[in-house]
Structure formats: C-alpha cells, structure tokens
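Asks: prediction below, plus the sequence it came from.
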Amino acid sequence: MKILSLNMSGWGNTAKRRRLSSLIQSGVFEMCLLQETKRSDFDDFMIQNLWGNYNVDWLTKESTGKRNLWSELLDFKLNNEKGEWVLGGDFNAILKVDERKGCNGGGLRNEREEFGLFVDLVELSDIPVVGKNFSWFSADSKSMSRIDHFLLSEGFIDKGGISGQWIGNHDISDHCPIWLLCSNLDWGPKPFKFNNCWTRHLEFNSFVTNLWRNLNINGKKAFVIKEKLKLLKEGLKV
C-alpha cells in the first residue's frame, strides 16, 4: 500500500491545493494523511477534487493534542484484538537527539523519552529514512527537525514489503511530505528491535541471561550472534 503523509500548515489557496493534488496523483497513492489543514468543514466535492476522481473515501478527526492522542491510541491497542498498525503524520516529537538541529528547549529530552516510551508500548517501529534527514524546516532554514514519522507494526512491514520511508521536498508547507517505500526486494535481515520498556520487568535480566547461556549455536562468530539474537527475539515475544 502506498501511503502519503503531509502537515499542510493550512488548507491554503487554490494553487497550493493544486500542487498537493498533483503530488497525490503523481505518486498513485492509495491513502493520504493530511494534518493541520486548519479547516473544520469538508465535503465530497473538496476531497474528490483534491484526489482527482470520485472513487475516494475520507474522514476527519479534530485535533486533541499529541499526548491525548498517544493515550487514546494506547488505550485502543490494549482494549482491542491484535492487528497490524500504521501510524503516520506529524507527531511533533523526535526519537533521537540527532533528529533535531538548531532548536532549543528545556523539555525536549523529557518529550523525546515520552515519545520513545509510547512507541515501545504500542510495539511499533520507526523504519529507516531515505531522502532527507529532516522533515520540518524553519523559514530561515536554521532550525530543522524530523518530527514527521511512519510507525509500523512488524507484520505490516512484512506483508507490505516496506523497505523505508521517503522524505520529499517541501514547497507548499514548512513540512516535507513523507511516504512509504514498498518493495519485494530482499534487503537482508531486519534489525533487532529492542523495546526499552522490557528492562522495567523485574525478571528481564535473569531471563535474558539464562536464555542466552542455554542457546547452543555452532559456526562463525557473526553467524552465532545473528542466530542467538533471532532466538532471543522470539523468546522475548512469548
């Protein structure tokens, strides 16, 4: 599935929407996630004109603030059957220190840790980025951040053949559009994903130590480590 996400920074004029419509149709996207349109009313004509044809379903959701949204999503996950997840958009938060440049603020570290904890708890992955390093730029380009993300469940990555997320050029907003890259090519083994919340479990250290010691794998060192991590990953999932 080809999915596009963009913080529009306002619905804008006809020229701006025409540029967005051209981007949507050029990529043959099957889904488009728009944020901060700064509009409360939409109708079929507006969306169909943007999409380029009548065969489109759409819905809107009022902004509730990022922390409220994270809480709502976590509650939804905990109270519903297990399924595959795709979260995309402007989270207004980063996961790593090097995803922000030229921005200062005393609460940024706490915000980063809080966002990282949310990602761990919903068991999603921030897949590798291609294109640019940042998705938002200030007017003078002295400040920049990667606050737009796609967060995916492992099953969706496998089934969709997802190989990464692309950050495009920004010309109609101070945010860049981002979209998923889908490919059936074999990119090698997926990286071992470690959830920081595991370490808070009282039996985590002893469980990992005992499991690692009892894994008998023969071969070259690199092969042994790779196979042990694979089995450790399966053990942590149980």
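Replies: Received the coordinates, thanks.
Asks: and the most centrally placed residue in the chain, what pLDDT?
Replies: Nearest residue to the geometric centre of the chain (CA atoms, centre = their mean): Phe150, 1.9 Å. Phe150 is assigned a pLDDT of 95 by the prediction.
Asks: sec struct for it, please.
Replies: Applying DSSP: H, G, I helix; E, B strand; the rest coil to Phe150 yields a three-state assignment of strand.
Asks: quick check: beta-bridge partners of it?
Replies: Going by DSSP bridges, Phe150 is paired in beta bridges with Gly88.
Asks: buried stuff in the longest helix anywhere in the chain?
Replies: In the chain, with assignment by DSSP state H, the single longest helix is helix 221-237. Neighbour counts over helix 221-237 (16 or more other CB atoms under 10 Å) mark Leu229, Leu232, Leu236 as buried. Bear in mind the C-beta positions are built from the backbone N, C-alpha and C, glycine included.
Asks: distance from that helix to the middle of the chain?
Replies: Remark: helix 221-237 is offset 25 Å from the chain centroid, using CA atoms, centre = their mean, to the nearest Å.
Asks: looking at the buried residues of helix 221-237, which one is closest to Asn7?
Replies: Using CB to CB, Leu236 is the member of those that lies nearest Asn7, at 34.7 Å.
Asks: now do the residue lying closest to the closest one once chain neighbours are set aside, the pLDDT please.
Replies: Nearest residue to Leu236, sequence neighbours excluded (CB to CB, 6 or more residues apart in numbering): Trp198, at 6.6 Å. Listed pLDDT for Trp198 reads 70.
Asks: residues contacting the residue nearest to the centre of the chain?
Replies: Ile3, Ser5, Val86, Leu87, Gly88, Asp126, Ile127, Gln165, Ile178, Leu180 (CB atoms under 8 Å, 6 or more residues apart in numbering).
Asks: can you verify the second one is assigned to a strand?
Replies: I take that to be Ser5. Yes. Counting by three-state DSSP, Ser5 is part of a strand.
Asks: need the pLDDT of Trp51.
Replies: pLDDT for Trp51: 90.
Asks: show me the strands in the protein, by range?
Replies: For the chain, applying DSSP state E gives strands covering 3-7, 31-35, 86-90, 100-101, 125-126, 129-130, 136-137, 144-145, 148-152, 162-167, 178-182.
Asks: any chance of these in CSV, plus distance to Leu74?
Replies: Output for those, formatted as CSV (distance: least, CB to CB, whole Å):
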stretch, distance to Leu74
strand 3-7, 20
strand 31-35, 19
strand 86-90, 11
strand 100-101, 24
strand 125-126, 16
strand 129-130, 24
strand 136-137, 25
strand 144-145, 23
strand 148-152, 12
strand 162-167, 22
strand 178-182, 23
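Asks: just so I know, which of those lies nearest Ser206?
Replies: Nearest to Ser206, of all the strands of the chain, is strand 125-126, at 26.7 Å by CB to CB.
Asks: quick check: buried residues in stretch 8-24?
Replies: Met8, Ser9, Trp11, Gly12, Lys16, Arg17, Leu20, Leu23, Ile24.
Asks: what about the first one, distance to Asn133?
Replies: Spatial separation of Met8 from Asn133 under the definition CB to CB, to the nearest Å is 22 Å.
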